[in-house]
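In: Okay, here's the prediction I keep looking at, along with the sequence it came from:
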Amino acid sequence: MSGVFGYIGENHAVPKIIEGLQFLDYRGYDSAGIATIHNNEILLRKVVGTVPQLKTYIDVSPIEGTIGLGHTRWATHGAPTERNAHPLAYGNTCIVHNGIVENYKEIEAQLRKEGYIFHTDTDSEIIVCLFNKIHQQQKSILKTAQEVLKIIEGPYAILVMFQDQPDKILAAVNGNPLVIGLGENEFFAASDVTAFINSTPNAIFMEDGDIAILSRLGVRMYDSHGNRKESPINKIEFTQTDVEKGGYRKYMLKEIFEQPRVVRNTIAQYISGSDFSDEFRKIKLHRKKLKEINKVLFLACGSTANSAIIGKHIFETFLKVPVDFNLSSEHMYKKSIVDEKTLIIAISQSGETADTVASAKQCKKAGAKILSITNSHENSLSRISDYVMRTQAGPELSVSSTKTFTAALTVLYILAGYFALSKGNMSKKESVELNEKIKKLPDILEKVYGQEEKVEEICSSIASEKAAMISGRGINYAVTLEGALKLQEIAYMYAFGFASGELKHGPIAMIGDNFPVINLLVDGMYYEKMLIDIMEIKSRNSKVIIVTNRAGEKVREIADEIIEIPEVEELFSPLLTTIVLQFIAYYSGFFRKNDIDKPRNIAKSVTV
């Protein structure tokens, strides 16, 4: 997972590329680099570290040029060193690459026989060597690209500059995101539209197999056979304000606070009045088709996997069909039983998660229908889906998922109600009542934020701990997994979530000596059982932190700390308990002085 950026136009390229890379470094920040062509010479600047470090280096050792490439890297092949950092140059050719060359060993062996000497440990170096070699034989950069792309295997997003054609950038894509930006007398290519949104809202989302040639006069699009094609130009709706911190210390904190608005916007997208909106009907998820579905399977990875587990619980509440969940990374290697009467719900905030896309393709091949939930406009998962539901979270620039998580949950509540109505498991009156409850959720969420100072105070004492546990039951079991994941990502704390009914089956051995245990105690069918579990935890001298919407006398007796949330039905409580755990992760990381927006070793979009 890396971020690539290309610029050609009338302006100095370096400031544009630096700005673009700053919005792409959520995709990787082990190393960064820039290349320009000036006076028919390729100029390179690379650093181990972040984009701000690259900028500092270039301030001291500047380079010129109105055409250039940039890259921010998450290391896959080869350690994060300056030698392995992109851009990579060979002869008169320079590239940046996001992806994996699956057959690079064979290609490298052949090139070595031909006398090529390799200077990096990356798989990407064979790409620049191939482009350089074939371009010497074939001066047309389009035909050069066609020949190279026939040789390499695996997903890629590649940008190429040629020293002897300093007024062109070649872009090629397969299985990884790449977007073209169309400005005034300047043109961009990037892994994400956020990279050039300050310069233009006009974008072309490249499709698998596309090749683009950017020049100072415009952009020409081609298919994999070299035929000219017309690609739709999309106007991006979010603005520069959406990608700024807006006075918050970190993007993560800003994005935590944006969640009531995000949930409200997502609801407005799919519910109008008390009924489903025209926008929902555009999905063409016809009730007749849903009646034929006899199995639902959720596929997801990471945080979205936890939202999928919650989704499984929501669907089981309303539907009378089997509902299952598989981690996408595991599903690919299983003999899963799916057919034309199976609905796959694949969740990926970027729509580019490699394992989820591959698993969805596998299910589609078996005849299953694919419904995808994503937060991006155009993506690989959407393109293979029969139905697409987009959340309204806007750009999420912190690596850790917050608002995209709750936005996906919101879609799942709405979708489950529609599905239940279509299957006859819910009456029209019950559907209206459910939609009315969903519409009230943003106002309930806003009341959670009054607990921020309380959470900050609690985290000032637990942030020094090496480990923590989170317990919950029912629908909040998956929230414990999400909260633990957030503590791992942001606080680098050994944390795990567990169903509190499993306390005596292992987790109880961990507790004692003021060990922090965060308990999600929500009013509902599990309340009394949870109280008993918490009492057992308390009796072993653990630090008991309770997140609850029913802080009765018993709770106050056993709790060391109480974080109160508003009254809400147990079914909808994950939206509230999740936000509390996001705050706990944020402030634990803050007091540990971690880089909250860019946690170590993690990239946001896992595309390889």
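Out: Thanks, I have the structure now.

In: Give me the secondary structure label for residue 214.
Out: strand (DSSP: H, G, I helix; E, B strand; the rest coil).

In: Distance check, it against residue 189.
Out: 6 Å (CB to CB, to the nearest Å). C-beta here means a position set from N, CA and C on the backbone, and glycine is covered the same way.

In: out of the two, which sits in the more crowded spot?
Out: The residue with more neighbours, out of residue 214 and residue 189, is residue 189; 31 against 26, by other CB atoms under 10 Å.

In: does that one really touch residue 3, like I thought?
Out: No - with contact defined as CB atoms under 8 Å, residue 189 does not count as touching residue 3 (11.5 Å).

In: which residues are in contact with both of residue 214 and residue 189?
Out: Shared contacts of residue 214 and residue 189, defined by CB atoms under 8 Å, 6 or more residues apart in numbering, are found at 6, 169, 171, 180.

In: who's the third one bridged to?
Out: Spelled out, it's residue 171. residue 159, residue 212 (DSSP bridges).

In: Same question for the last one.
Out: Assessed by DSSP bridges, residue 180 has beta-bridge partners residue 189, residue 204.

In: That one: neighbour count?
Out: 25.

In: Check what pLDDT it gets.
Out: For residue 180, the pLDDT comes out at 97.

In: pLDDT below threshold where in the stretch 101-250 of the chain?
Out: 240 (pLDDT under 70).

In: could you pull out the strands for it?
Out: 156-162, 165-174, 179-182, 186-190, 202-205, 211-215, 219-222, 234-235 (DSSP state E, counting those that start in this stretch).

In: Name the member of the shared contacts of residue 214 and residue 189 with the most neighbours.
Out: Busiest of those [other CB under 10 Å] is residue 6, holding 32 neighbours.

In: Next SSE downstream of whatever helix or strand it lives in?
Out: Taking DSSP states H and E as the criterion, residue 6 maps to strand 3-9. Next helix or strand after strand 3-9 toward the C-terminus (DSSP H and E): helix 13-22.

In: export stretch 94-114 as CSV, just CAs?
Out: Output of stretch 94-114 as CSV, limited to C-alpha atoms (Å, rounded to 0.1, in the frame of the first residue of the first chain):
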residue,chain,number,x,y,z
CYS,A,94,11.4,7.0,-13.9
ILE,A,95,8.4,5.4,-12.2
VAL,A,96,6.3,5.3,-9.0
HIS,A,97,4.3,2.1,-8.3
ASN,A,98,1.7,1.0,-5.9
GLY,A,99,1.1,-2.8,-5.9
ILE,A,100,2.8,-6.1,-6.1
VAL,A,101,4.6,-7.7,-9.0
GLU,A,102,3.7,-11.4,-8.4
ASN,A,103,6.1,-12.7,-11.0
TYR,A,104,9.0,-10.3,-10.3
LYS,A,105,11.5,-13.1,-9.5
GLU,A,106,11.2,-14.7,-12.9
ILE,A,107,11.4,-11.3,-14.7
GLU,A,108,14.4,-10.2,-12.5
ALA,A,109,16.2,-13.4,-13.4
GLN,A,110,15.7,-12.9,-17.1
LEU,A,111,16.8,-9.2,-16.9
ARG,A,112,19.9,-10.2,-15.0
LYS,A,113,20.8,-12.6,-17.8
GLU,A,114,20.5,-9.6,-20.1
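
In: Can you give me the buried ones in it?
Out: 94, 95, 96, 97, 98, 99, 100, 101, 104, 107, 108, 111 (16 or more other CB atoms under 10 Å).

In: Please dump the residues you listed into a markdown table; it should also carry distance to residue 313 for every row.
Out: Output for the buried residues of stretch 94-114, formatted as a markdown table (distance: CB to CB, whole Å):
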| residue | distance to residue 313 |
| --- | --- |
| 94 | 51 |
| 95 | 46 |
| 96 | 43 |
| 97 | 41 |
| 98 | 36 |
| 99 | 36 |
| 100 | 35 |
| 101 | 41 |
| 104 | 43 |
| 107 | 47 |
| 108 | 48 |
| 111 | 53 |
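
In: ok, now how distant is the residue lying closest to residue 65 once chain neighbours are set aside from residue 467?
Out: Nearest-residue entry for residue 65: residue 36, 2.9 Å, with adjacent residues in sequence omitted and distances by CB to CB, 6 or more residues apart in numbering. Look at residue 36 and residue 467: by CB to CB, they are 48 Å apart.
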